[in-house]
Each structure stands twice: as structure tokens, then as C-alpha cells.
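Asker: Build me a structure from this.
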Amino acid sequence: RVLFPRPACAAAVGARETRDLFRFLGRFLAKALVDDRLVDLPFSQAFWRVALGRGDIGLRDLAELDPALASTLWRMARLCEERAHLVAAGAGAAEIQEALLLDGVRIEDLCLDFTLPGAASIELCPGGMDRAVTIFNLDEYVHLVTRTSLMSAVEEPFREFRRGFEEVLPLDELRAFSE
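Answerer: Next up, the predicted model:
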């Protein structure tokens, strides 16, 4: 298990406490660095990429945090690639829907919508609760689940972490170690 904030709605119960804890964590780590103290916490690689504002995060990072979700999203991404090949070959919509199955089931029959898996209150896009996932918008769904899980739904805890860190030490001091 590694440290990374769980995606949550900003208005969720306990959201303020979570933000306060991440601000404290930022101050704590910066102070430990200033005082040359060793802190043994299981930070994920994705944690530092997000904390430092690096945009090169994706499914490989999600695999570290939620292997089951990442595995499913990778299989969905492969279906999107196969769909592109079928479209290029001139296949029709019905043929594509029947040919591309996830564990033997059509994407449309999974009854997915544009909400974050495991957190139905977090919409991936405006109106996401009312928008069905199909084989034709699956690539957008994969992208939005990944981005929301690693960035937008964890934006506030990371903002507070950075704020707390910079109360003690400029975050730019760490960028040299992340290159």
C-alpha cells in the first residue's frame, strides 16, 4: 500500500479534515527535509509527480494505486484500439458493438455511466450520471477515469499539501530530485 489521497467530492463529509491533514503532511515533510530527518512513509511515485505539478501521469500510475481498476481500464483501452481498426476497415456500428466485448459482455450492457467507479457521486464530466458509456465513447471514459482519479478528484488535498510544504520550504527545491 502506498500513500495517495482517495478521490473524493470536495463537499464530502470529512473533506475539510482531509485537506487539513494533507496541509500538515506538507509542513511535516518539509520540516523533516530542512532538519535532515529520515521519514519512512510509503509515498507512491504518482504522489510526487502530482505534488510537483508534473503532467506525465497515467494508467501506469493508477496501476500502482488501484491495480484492479487499472487492469480493467487497460483492457477497455485495447478495445478502443480494436474499434479504431474496425472503423478503418469499414465496419458498421452494430458490427462493432457485437465484435468488441469485455469479458464476453458488450460495453453498453455493463450499464456504466460517466461517474468515477467506486464513487458514484463524482461525475467525470457535466451530466455524467445521465450519460451512458458505449463502445463509441469508451476512450473518453478511460481518459476521464484516469484523469479524475489521479488529478481532478484529488486536487484539493494536493493543493493543501503544497501549501503546507511551502510554508516551510519552497517546493521547487524538490524538482531537481524528480527529473
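Asker: max-length helix in this structure?
Answerer: Assignment by DSSP state H gives helix 67-88 as the longest helix of the chain.
Asker: and that one, C-alpha only, in PDB?
Answerer: Provided in PDB are the C-alpha atoms of helix 67-88 (Å, rounded to 0.1, in the frame of the first residue of the first chain):
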ATOM      1  CA  PRO A  67      -4.400  -2.500  -9.900                       C
ATOM      2  CA  ALA A  68      -7.900  -3.900 -10.500                       C
ATOM      3  CA  LEU A  69      -9.300  -0.600 -11.900                       C
ATOM      4  CA  ALA A  70      -6.200   0.000 -14.000                       C
ATOM      5  CA  SER A  71      -6.300  -3.500 -15.400                       C
ATOM      6  CA  THR A  72      -9.900  -3.000 -16.500                       C
ATOM      7  CA  LEU A  73      -9.100   0.400 -18.000                       C
ATOM      8  CA  TRP A  74      -6.200  -1.100 -19.900                       C
ATOM      9  CA  ARG A  75      -8.500  -3.800 -21.400                       C
ATOM     10  CA  MET A  76     -11.000  -1.100 -22.300                       C
ATOM     11  CA  ALA A  77      -8.200   1.000 -23.900                       C
ATOM     12  CA  ARG A  78      -7.300  -2.100 -26.000                       C
ATOM     13  CA  LEU A  79     -11.000  -2.300 -27.100                       C
ATOM     14  CA  CYS A  80     -10.700   1.300 -28.200                       C
ATOM     15  CA  GLU A  81      -7.700   0.400 -30.400                       C
ATOM     16  CA  GLU A  82      -9.600  -2.500 -31.900                       C
ATOM     17  CA  ARG A  83     -12.600  -0.300 -32.500                       C
ATOM     18  CA  ALA A  84     -10.400   2.100 -34.500                       C
ATOM     19  CA  HIS A  85      -9.100  -0.800 -36.700                       C
ATOM     20  CA  LEU A  86     -12.700  -1.900 -37.300                       C
ATOM     21  CA  VAL A  87     -13.800   1.600 -38.200                       C
ATOM     22  CA  ALA A  88     -10.900   1.900 -40.600                       C
END
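Asker: Flag the shaky bits of the protein, pLDDT-wise.
Answerer: 9-13, 175-179 (pLDDT under 70).
Asker: Show me where this structure has its helices.
Answerer: Under DSSP H, the chain gives helices at 15-34, 45-51, 59-65, 67-88, 93-99, 138-150, 155-166, 172-178.
Asker: which helices and strands does the fifth one pack with?
Answerer: Think helix 93-99. helix 67-88 (3 or more Cβ pairs under 8 Å, 6 or more residues apart in numbering; DSSP states H and E). Every C-beta, even on glycine, is put in place using the N, C-alpha and C of the backbone.
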